[in-house]
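> No sequence on hand, only this structure:
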Ligand SMILES: C[S@@+](CC[C@H](N)C(=O)[O-])C[C@H]1O[C@@H](n2cnc3c(N)ncnc32)[C@H](O)[C@@H]1O
């Protein structure tokens, strides 16, 4: 048992901690009163998931999904084998910290672990530990793979990064006990909805420019056709009376004639909220953007 509040155990592109206040305003008014199911089909590092689990005791069941099998393996390992995972992470952390000041050896260590990870031959908790190790030590917490699904992010320049946050892993493991963990395409989460379900979608964002394509989390690209397929899925949920909230980039902020999302979601409520993106390494480009928060929840108390 632990008293720690569970928080995301990864750095992840598009982590949603910054948007939580706005998401809170978009929630159905009566959400605190009734038992409900929460479904997050593009979970990533789960910033909204952990916030929901910590703040809504009436949340009866949660379902999370992601197409990234290595990420989902890590969630499953934390849920079922946290202590085994912690003991491997402690070894990795001690070894890595022991190399502080020896740059070449540290680099060699990182790249040997990356190679080992890419063989995908370790057993479940070994792979999960390598996943967390790479996330904590790589450049900017990025997850990027090539066409062969080989992770290819270079080493970051952190001094003694925390690789094993034991208390948090235990806290996360505890809250994951009421979470169903799935791996695959987001559409299959519909099978887990019941008559009081809230979906939160945080898909790979439509890039604002050619160079800002931080959406290569997986082998397959999330292009405009994929954004349209997601809109169709949202229409389907709406017809089935499920409530959903979705975030995406505000392409109109970059080009005022770009009505891509305004047209796609014309039938729903579209809000523009301040975005503080932290994935952009260039501080000049941080903090100026808006993001979209779209919902079919007519009872939402949204403020601009
Ligand atoms: C913007 S990130 C989610 C970030 C998350 N909200 C957070 O706080 O970290 C998008 C996620 O969608 C996943 N993804 C991409 N295509 C998918 C698909 N077709 N079905 C399910 N997940 C997908 C990616 O692996 C990635 O983790």
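That came through, no problem. Nothing here was measured: the structure is a model prediction, and the numbers come from that model.

> how about the strands in the protein?
Secondary structure of the chain by DSSP state E: the strands cover 36-40, 59-66, 179-183, 197-201, 243-249, 269-274, 290-295.

> Neighbouring strands of the fourth one in the sheet, and parallel or not?
So that's strand 197-201. Take DSSP bridges as the rule and strand 197-201 pairs in its sheet with strand 36-40 (parallel), strand 243-249 (parallel).

> ok so, going back, between the strands of the chain, which gets nearest to the ligand?
Using CB to the nearest ligand atom as the measure, strand 59-66 is the one of these that comes nearest the ligand, at 4.7 Å. For glycine as for every other residue, the C-beta is placed from the backbone atoms N, C-alpha and C.

> partner strands of the closest one, parallel or antiparallel?
strand 36-40 (parallel), strand 179-183 (parallel).

> Just name the most buried of those strands.
Of all those, strand 36-40 carries the top mean neighbour count, a mean of 23, counting by mean count of other CB atoms under 10 Å.

> Let me know whether that strand sits next to the ligand.
No: with CB under 6 Å from any ligand atom as the measure, strand 36-40 is seen stopping short of the ligand, the closest distance being 7.3 Å.

> okay if I get the strands paired with strand 59-66 as CSV plus mean pLDDT?
Formatted as CSV, those follow (pLDDT from 0 to 100):
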stretch, mean pLDDT
strand 36-40, 97
strand 179-183, 98
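
> okay if I get these as a markdown table plus distance to residue 121?
Formatted as a markdown table, these follow (distance: least, CB to CB, whole Å):
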| stretch | distance to residue 121 |
| --- | --- |
| strand 36-40 | 30 |
| strand 179-183 | 19 |
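
> Let me know how buried residue 88 is, in neighbour terms.
21 (other CB atoms under 10 Å).

> 48 is where my numbering starts, stick with that
Okay, residue one is now 48; in that scheme the one you just asked about reads as residue 135.

> Please tell me how far residue 302 sits from the ligand.
21 Å (CB to the nearest ligand atom, to the nearest Å).

> Report how many residues lie close to that residue.
The number of residues packed near residue 302 is 11, by other CB under 10 Å.

> Quick one: low-confidence residue ranges for this protein.
Applying pLDDT under 70 to the chain flags residues 48-50, 257-267, 323-335, 346-351.

> just the helices in it please.
Taking DSSP state H as the test, the helices found in the chain are 67-73, 94-102, 116-127, 129-144, 150-166, 171-184, 213-222, 271-286, 298-301, 307-311.

> for those helices, which one ends up most surrounded?
Among the helices of the chain, helix 171-184 has the highest mean neighbour count (mean count of other CB under 10 Å), at a mean of 22.

> which other residues reach that helix?
Residues external to helix 171-184 that are found in contact with it (CB atoms under 8 Å, 6 or more residues apart in numbering): 56-58, 117-118, 120-121, 123-125, 128, 131-132, 135-136, 139, 143, 157, 160-161, 163-164, 167, 169, 188, 190, 198, 200, 202-203, 205, 208-210.

> For the ligand, tell me which of the residues you listed show up nearby.
Of those, not one also sits near the ligand (CB under 6 Å from any ligand atom).

> residues in the stretch 48-197 of the chain within reach of the ligand, list them.
Proximity of the stretch 48-197 of the chain to the ligand, by CB under 6 Å from any ligand atom, involves residues 59, 61-63, 88-89, 91-92, 94, 112-115.

> Show the buried residues in the residues you listed.
For those, a burial check counting by 16 or more other CB atoms under 10 Å picks out 59, 61-63, 88-89, 91-92, 94, 112-115.

> quick one on the thing from earlier: any idea which of the helices of the chain gets closest to residue 336?
helix 298-301 (6.1 Å; CB to CB).

> other SSEs contacting that closest one?
Where contact means 3 or more CB pairs under 8 Å, 6 or more residues apart in numbering; DSSP states H and E, helix 298-301 is packed against helix 307-311.

> from the chain's centre, how far out does the helix it packs on sit?
Chain-centre distance of helix 307-311: 24 Å, with CA atoms, centre = their mean, to the nearest Å.

> and if you look at stretch 298-315?
Distance of stretch 298-315 from its chain centroid, counting by CA atoms, centre = their mean, is 24 Å.

> Repeat that for stretch 91-107.
For stretch 91-107, the distance to the chain centre is 13 Å (CA atoms, centre = their mean).

> Quick one: end-to-end length of it, please.
In stretch 91-107, first residue to last residue: 21 Å (CA to CA, to the nearest Å).

> Pick out the residue of the stretch 48-197 of the chain closest to the ligand.
For the stretch 48-197 of the chain, CB to the nearest ligand atom, closest residue to the ligand: residue 91, 2.7 Å.
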